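Chemist: using only what follows, build the 3D model:
(2 chains)
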Amino acid sequence: MAPRRSFCSAHLLEDAVTVSVTRLFMIGVVLVSTLTVATQVAAHDDSQSADPMAQRVEACTACHGAEGVELEDGYVPRIHGKPAGYLYNQLVNYQAYRRRNRSMNHMVAHLSHEYLYEIADYFAAQRAPYPAPAAPPGPELAERGEQLVHQGDEQAGVPACAACHGDHLTGVQPNTPGLIGLPRQYIMAQLGAWQVGTRHAAAPDCMAKITQRLDGRDVEAVAAWLAAQPIPDDTRPVANAIVDPPLACGSVSAPES
Amino acid sequence: MFRNRVFVLASLTLALVTGAASAADQATVERGEYLARLGNCAGCHTAPGGADYAGGLALASDYGTFVTPNITADPKTGIGDWSADDFYAAMHDGERADGSPMYPACPYPNYTHVPRDDIDAIYAYLRSVPAVEKRHGDHELGFPYRYRSLLNVWQMLYFDAGEIENAPDESRDWNRGRELVQGLGHCDACHRARARLGATDDAEDAPGAMIHGWYAPPLSDPDQAGLQHLDVAETAAFLQSGKREHAAMMGPMADVVFESLQYMDDDDARAMATYLKAIPTVSVESPLRLIRMTDNGRRQAMTRGKEIYADRCAGCHGDNGEGREGAPALADNRVVTMDNPINAANMIRQGGFAAATQGNPRPHGMPPFYDLDGRDLAAIMTYIRGSWGNDAAPVTATNLQR
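Modeler: This next block holds a predicted model:
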């Protein structure tokens, strides 16, 4: 089945809070990534058409891509290979309107928690290829981004992203997502959504606290730096659970219900 | 010593009596929960993402926007200070605890048919759910509907309180089914147009009504939502699972299945199906007039629709609209060919999953096609309404505007 994704960006704009991005930059990214993705899609075109679960979730892959996201769909995140607990929590959060996006709220409205977990588990097991990384940001942004991701900002009370999301930023089982292979705009939109309260995680919501301590330039720096990272050889989430998170975090251990 | 024994015996007796009473209370609460689900009280009295029964859902109507009240037991913002009699007066007479009349946005013209015992059980259940302090704004109604006292006149003209009398010539199932469909289930509140000032249109050929942007088609017409052509067992299973071969309930009806009908026990499902099957069959005209199209316009739309269909729809629904597992056939599909095209258009635009139920635990989902502009959407609609033996009138973009 040919991928039909062009419509996804527009209606997902509701997720895009506090985003001010230069379009030109994205066009550059698109040009770089289009070739790669086009090749991948061609290579995997009919590999899953007989999988009954793949058929059930065509409503999901219409935007999230049966073969992963394309970077030009700037607001649609990669969901393949993320920890099942994380994906499940997001689906439940959409159902309970702790995350708001018209399309996602509608899609999960009348699905059981058991089925939502099955869908989460299905995508967690998918090993779709990653898109090529975005072009790196300018040196100042890159420096600030790398600092926040790997060292944090002690003065501002911001822990390093890597402290929870894994040294290689590939996520940690069972509930902490990887941060690589995500579109820059999506990352910015999520941090912004936490800042303005349209995205919530289980209490205590550590990400809400952390994002309050970031300014607009920090958000831009983190997103631009993360989106430009090369993909490590092993993209699997770290198996060992986070033992001692720098901030109290409700969603570190058990899936929310 | 003896005294002690008497005391122990007395305590034991007391404990047994209390135990029996609380078991009875518990049974009442459980019965109330079942009934509240059948009435789908939470469907209106729970806001998206809000606490159960704490109200706050906005209901758009011709008269303005109603905001559903908090019906948890919170004394300040809910109905915690209502007695069982107050609650009965609301359900049976459309009268609030302060004596003022209720707007018929709450379907008490249906609930008035519910027996007192059932209303008491629902009351007991609502008092058992966590009380939530949550105040909401007033209804935002146009002139003169905002004057609540006018409802006294409305009730005098259009509302008759009282249970339905048993029809001795009809079966037990039919009678129970009628009680559910016309009473607690309040199916007519959506599946029947409202005529004069919000009163339900009681003409036999009354059309359906719009709810949340979807058309709830009439239950009297088997070409629309009527179920007269199915076996009772088929309909019962359809109501509980939301799915049957080549069809699934979508839109607000999927919510009803998910929140309410899937919990209906087999006896009640059979009764509801029995009554629905027995509703006299009528051919009902749609209240939406389709704009006529020229032959040339229709030909162009068919050509354009065929192209888009091949590109975006045929992968799941088949080259000849034959469908596949999880993707219903579009040939000979009454949602597609119904006079009123809005539901099929909504499905294309919004996509979505059928309700996950015991009978359909892992539903398929349809992708949304938000990107289609009005003309292309109308072209696809025209094509699927006029192909593979379907013979329904073409649809213009104007008819699909909202």
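Chemist: quick one: contacts for residue A:112?
Modeler: Residues near residue A:112 by C-beta atoms under 8 Å, 6 or more residues apart in numbering or on different chains: B:356, B:361. C-beta coordinates here come from the backbone N, C-alpha and C atoms, glycine included.
Chemist: so what's it scoring on pLDDT?
Modeler: Here the pLDDT value assigned to residue A:112 is 97.
Chemist: kindly report the same for residue A:8.
Modeler: Residue A:8 is assigned 50 on the pLDDT scale.
Chemist: equivalent analysis for residue B:303, please.
Modeler: pLDDT for residue B:303: 98.
Chemist: gap between it and chain A?
Modeler: Relative to chain A, residue B:303 is positioned 21 Å away (C-beta to the nearest C-beta, to the nearest Å).
Chemist: and that residue, that's in a helix?
Modeler: Yes: counting by DSSP: H, G, I helix; E, B strand; the rest coil, residue B:303 falls inside a helix.
Chemist: got a list of what it touches?
Modeler: By C-beta under 8 Å, 6+ apart, the contact list for residue B:303 is empty.
Chemist: residue B:227 contacts residue B:277, correct?
Modeler: Yes: at 6.2 Å, residue B:227 counts as touching residue B:277 under the criterion of C-beta atoms under 8 Å.
Chemist: now do the shared contacts for the two.
Modeler: Counting by C-beta under 8 Å, 6+ apart, the contacts common to residue B:227 and residue B:277 are residue B:235.
Chemist: how many neighbours does the nearest residue to residue A:111 once chain neighbours are set aside have?
Modeler: Leaving aside its chain neighbours, residue A:111 sits nearest to residue B:356 (4.6 Å; criterion: C-beta to C-beta, 6 or more residues apart in numbering or on different chains). Neighbour count for residue B:356, taken as other C-beta atoms under 10 Å in any protein chain shown: 25.
Chemist: point me to the residue of the stretch 101-250 of chain A nearest chain B.
Modeler: The nearest approach of the stretch 101-250 of chain A to chain B comes at residue A:110, 3.4 Å away (C-beta to the nearest C-beta).
Chemist: is residue B:390 in contact with residue B:329, as I believe?
Modeler: No: contact criterion C-beta under 8 Å: residue B:390 and residue B:329 do not qualify, at 10.5 Å.
Chemist: mutual contacts of these two, please.
Modeler: Common neighbours of residue B:390 and residue B:329 (C-beta under 8 Å, 6+ apart) are residue B:321.
Chemist: residues in contact with the residue at minimal distance from the centre of chain B?
Modeler: Nearest to the geometric centre of chain B sits residue B:256, at 5.1 Å (C-alpha atoms, centre = their mean). Residue B:256 is in contact with B:40, B:43, B:249, counting by C-beta under 8 Å, 6+ apart.
Chemist: what secondary structure does it sit in?
Modeler: Following three-state DSSP, the label given to residue B:256 is helix.
Chemist: tell me the pLDDT of it.
Modeler: pLDDT at residue B:256 comes out at 97.
Chemist: what about chain B, any weak spots by pLDDT?
Modeler: Where chain B drops to pLDDT under 70, the residues are B:1-21, B:402.
Chemist: kindly report the domain assignment for it.
Modeler: B:25-158, B:172-278, B:295-400 (automatic domain parsing).
Chemist: off-centre distance for the last one?
Modeler: It refers to domain B:295-400. 23 Å (C-alpha atoms, centre = their mean, to the nearest Å).
Chemist: start and end of that domain, how far apart?
Modeler: 20 Å (C-alpha to C-alpha, to the nearest Å).
Chemist: can you report how many residues lie near whichever residue of the stretch 51-200 of chain B sits closest to chain A?
Modeler: Chain A sits closest to residue B:51 of the stretch 51-200 of chain B, with a gap of 10.4 Å, by C-beta to the nearest C-beta. Per other C-beta under 10 Å, the neighbour tally for residue B:51 reads 17.
Chemist: out of everything not next to it in sequence, what's closest to it?
Modeler: Closest residue in space to residue B:51, ignoring its immediate chain neighbours: residue B:132 at 4.4 Å, by C-beta to C-beta, 6+ apart.
Chemist: can you classify the residue nearest to residue A:212 when sequence neighbours are not counted as helix, strand or coil?
Modeler: Once flanking residues are discounted, residue A:212 sits nearest to residue A:195: 6.5 Å by C-beta to C-beta, 6+ apart. Here residue A:195 is recorded as helix under three-state DSSP.
Chemist: show the pLDDT at residue A:195.
Modeler: Here the pLDDT value assigned to residue A:195 is 95.
Chemist: can you map out the helices along the stretch 101-250 of chain A?
Modeler: Secondary structure of the stretch 101-250 of chain A by DSSP state H, counting those that start in this stretch: the helices cover A:102-107, A:113-124, A:139-150, A:162-165, A:184-196, A:206-212, A:216-227.
Chemist: any idea how far the closest residue to residue B:283 other than its chain neighbours is from residue B:252?
Modeler: Distances taken as C-beta to C-beta, 6+ apart place residue B:221 nearest to residue B:283, at 6.0 Å, with adjacent residues excluded. Distance, residue B:221 to residue B:252, using C-beta to C-beta, to the nearest Å: 19 Å.
Chemist: quick one: low-confidence parts of chain A?
Modeler: Applying pLDDT under 70 to chain A flags residues A:1-50, A:69-73, A:254-257.
Chemist: report the central residue of it.
Modeler: residue A:77 (4.5 Å).
Chemist: give me the phi and psi angles of it.
Modeler: In terms of degrees, to the nearest 10, the main-chain angles of residue A:77 are phi -80, psi 160.
Chemist: thought it was touching residue A:183?
Modeler: Yes: between residue A:77 and residue A:183 there is a contact under C-beta under 8 Å: 7.2 Å.
Chemist: chain A contacts on chain B?
Modeler: Contact residues (C-beta under 8 Å from any C-beta of the partner chain) of chain B with chain A: B:48-49, B:254-255, B:257-259, B:311-312, B:315-316, B:325-326, B:350-356, B:361-372.
Chemist: taking the residues you listed, please make a ChimeraX selection of just the buried ones.
Modeler: Restricted to buried positions by 16 or more other C-beta atoms under 10 Å in any protein chain shown, the ChimeraX selection for the residues of chain B next to chain A reads:
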select /B:49,254,255,257,258,259,312,315,316,326,350,351,352,353,354,355,356,362,363,364,365,366,367,368,369,370,371,372
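Chemist: restricted to helices, list the residues of chain B next to chain A.
Modeler: Members of the residues of chain B next to chain A lying in helices (criterion: DSSP state H): B:254-255, B:257-259, B:315-316, B:350.
Chemist: looking at the contacts of residue B:256, which is nearest residue B:239?
Modeler: Taking C-beta to C-beta as the measure, residue B:239 sits nearest to residue B:249 out of those, at 8.8 Å.
Chemist: next helix or strand past the host helix or strand of residue B:36?
Modeler: Counting by DSSP states H and E, the element that carries residue B:36 is helix B:2-38. Downstream of helix B:2-38, the first helix or strand assigned by DSSP H and E is helix B:41-45.
Chemist: ok, residues contacting that following helix?
Modeler: B:36, B:52-55, B:57, B:59, B:68-71, B:106, B:122, B:126, B:255-256, B:259-260.
Chemist: kindly recompute the last result at 6 Å.
Modeler: For helix B:41-45, the surrounding residues in contact (C-beta atoms under 6 Å, 6 or more residues apart in numbering or on different chains) are B:52-53, B:55, B:57, B:68, B:71, B:259.
Chemist: give the pairing partners of the helix or strand that it is followed by; include direction for each.
Modeler: Per DSSP H and E, the first helix or strand lying C-terminal to helix B:41-45 is strand B:58-61. Using DSSP bridges, the strands paired with strand B:58-61 are strand B:64-67 (antiparallel).
Chemist: distance between the strand it pairs with and the chain's centre?
Modeler: Worked out by C-alpha atoms, centre = their mean, strand B:64-67 lies 18 Å from the chain centre.
Chemist: could you pull out the strands for chain B?
Modeler: Secondary structure of chain B by DSSP state E: the strands cover B:58-61, B:64-67, B:140-141, B:209-211, B:214-216, B:243-244, B:247-248, B:352-353, B:365-366.
Chemist: return the set of buried residues in the second one.
Modeler: This points to strand B:64-67. Burial within strand B:64-67, assessed by neighbour count using 16+ other C-beta under 10 Å, is assigned to B:64, B:66-67.
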